[in-house]
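My questions are about this predicted structure, shown below with the sequence.
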Amino acid sequence: MATPITPQELFEPGLAARASARLRHRMLDQELAEGANPAECPQWAARAAELTKRSSRERAADQIEQLVRFSAERHRVRVGPHPVAADRNRERLNRLAALLRDDVPLYARGLARLQIALSDGTGPVYTDRDGRALARELEHVHAALIG
């Protein structure tokens, strides 16, 4: 078992931890989404701090809103989310974007899971043909965000 990090490291991760977290963000997101405790590792703490920042939440909300608009826009060659999945989950996605923009505290575990969902080209955002798999994933994301 790892030695718990100090409160200083938890709330103000050092430069080395922040740099490592930026380089390894995909792996750290996966670990946080699976339940890793940010208090046990400086890199987890740094990634959790990054995910929960207002600017990161705003950026994620922007990505969701872009996803919702994607199917209504004309695209020549650009690959994007599956239009049926996004259309059938429009209301859920809009509620999720609003939650991210709200001032309510959200758990890093849910924010990490959301980042994975938004960036995984093999996930339901991009491959779900009927919207059900995306609906389930959004339910899991929402539950993890609010605890």
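Nice, I can see it.

For the longest helix anywhere in the chain, C-alpha coordinates in CSV please.
The longest helix of the chain (DSSP state H) is helix 54-70. What follows is helix 54-70, C-alpha atoms only, in CSV (Å, rounded to 0.1, in the frame of the first residue of the first chain):
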residue,chain,number,x,y,z
ARG,A,54,-13.5,25.4,-13.6
SER,A,55,-11.7,25.8,-16.9
SER,A,56,-11.6,22.0,-17.4
ARG,A,57,-15.3,21.6,-16.6
GLU,A,58,-16.1,24.4,-19.0
ARG,A,59,-14.0,22.8,-21.7
ALA,A,60,-15.8,19.5,-21.2
ALA,A,61,-19.2,21.2,-21.4
ASP,A,62,-18.1,22.9,-24.6
GLN,A,63,-17.1,19.4,-26.0
ILE,A,64,-20.5,18.0,-25.1
GLU,A,65,-22.3,21.0,-26.7
GLN,A,66,-20.2,20.5,-29.9
LEU,A,67,-21.1,16.9,-29.9
VAL,A,68,-24.8,17.8,-29.8
ARG,A,69,-24.4,20.2,-32.6
PHE,A,70,-22.3,17.9,-34.8
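
For that helix, give me every contacting residue.
For helix 54-70, the surrounding residues in contact (Cβ atoms under 8 Å, 6 or more residues apart in numbering) are 50, 80-81, 83, 86, 90, 93-94, 96-98, 100-101, 106, 111, 114-115, 118, 125. Every residue, glycine included, has its C-beta placed from N, CA and C.

Just the ones of these in strands?
When the contacts of helix 54-70 are checked against strands (DSSP state E), there are no matches.

ChimeraX command to pick out the buried ones of the residues you listed?
Selection of the buried residues among these in ChimeraX, burial being defined by 16 or more other Cβ atoms under 10 Å:
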select :50,81,86,93,96,97,100,101,106,111,114,115,118,125
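
Domains in the chain, by residue range?
Domain assignment of the chain by automatic domain parsing yields the ranges 1-52, 53-147.

Identify the residue nearest V68 in space, chain neighbours excluded?
Among residues not flanking V68 along the chain, L93 sits closest, at 5.1 Å (Cβ to Cβ, 6 or more residues apart in numbering).
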